[in-house]
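Enquirer: please find the sequence and the predicted model below.
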Amino acid sequence: MIAAIVILGVIILLVVIVVTMYNSLVTAKNRFKNAFSQIDVQLKRRYDLIPNLVETAKGYMKHEREALEAVIKARNSAMSASEQASNNPGDPSAMKGLASAETALSGTLGHLFALAENYPDLKANENMLKVQEELTSTENRIAFARQAFNDAVTTYNIACEKFPNSVIAGMFNFTIAELLEATESPEERKAPKVSF
């Protein structure tokens, strides 16, 4: 009788431990999904601002049609990648696709802003200045949200890889999540040289 009670107690203890580990993994996974949703909100805000930027610039930059079309194309590509990533945050291929699309969008926006320097009336346009300011603010929010997402993913990944959580993670198909990182090459990350 005592042996049966001890065995039952050990079984109950093991079940409680497994349930606790499982719940901690679920919590960590939901935290990084929530962190991605914060990125998604800011990305949508950014995507909504870009058509305003292009429309404002279009009136002044009639000869820069290719640059304007490249921005719209990059925006649409980034929106598509964002939708795929939001369906499964942490999925390696979705995160790499999003990072790549966002890098391309940032590049085309940078090119557009560089071209805008050649148009003094556009640079002084109140709408253009307002949209640029909002885009800059949104970029900062995206950077903070990306950091929060990467922190949450790191916490989740550590929880999945630690023993004995790794056993529970393997049993219940908790897979390692991908960080959202920049895809620039080391050359692209270098500060541009300016000479006068």
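Expert: Yep, that arrived. Numbers count the residues shown, from 1 in each chain.

Enquirer: how distant is the helix or strand hosting I142 from the center of its chain?
Expert: In this structure, I142 sits in helix 126-161 according to DSSP states H and E. Centroid separation for helix 126-161 versus its chain: 7 Å, with CA atoms, centre = their mean, to the nearest Å.

Enquirer: what comes up buried for that helix?
Expert: The neighbour-count check on helix 126-161 (16 or more other CB atoms under 10 Å) flags 128, 131-132, 134-135, 138, 141-142, 145-146, 148-150, 152-153, 156-157, 159-160 as buried. In this view, the C-beta of every residue, glycine as well, is placed from N, C-alpha and C.

Enquirer: likewise stretch 80-88?
Expert: For stretch 80-88, burial by neighbour count (16+ other CB under 10 Å) applies to 81-82, 84-86.

Enquirer: cross the residues you listed against helices and list the overlap.
Expert: Assignment to helices by DSSP state H places the following of the buried residues of stretch 80-88 there: 81-82, 84-86.

Enquirer: pLDDT and distance to S37 added to these, as JSON lines?
Expert: Converted to JSON lines, these look like this (pLDDT from 0 to 100; distance: CB to CB, whole Å):
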{"residue": "A81", "pLDDT": "95", "distance to S37": "16"}
{"residue": "S82", "pLDDT": "94", "distance to S37": "11"}
{"residue": "Q84", "pLDDT": "93", "distance to S37": "14"}
{"residue": "A85", "pLDDT": "93", "distance to S37": "11"}
{"residue": "S86", "pLDDT": "92", "distance to S37": "7"}
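
Enquirer: closest one to N23 out of those, please.
Expert: Proximity of those to N23 (CB to CB) peaks at S86, which lies at 24.4 Å.

Enquirer: how close does that closest one sit to G107?
Expert: Look at S86 and G107: by CB to CB, to the nearest Å, they are 22 Å apart.

Enquirer: if I look at the residue nearest to L179 when sequence neighbours are not counted, how far off is V131?
Expert: Using CB to CB, 6 or more residues apart in numbering and skipping residues adjacent in sequence, the residue nearest L179 is N150, 4.8 Å away. Using CB to CB, N150 is found at 28 Å from V131.
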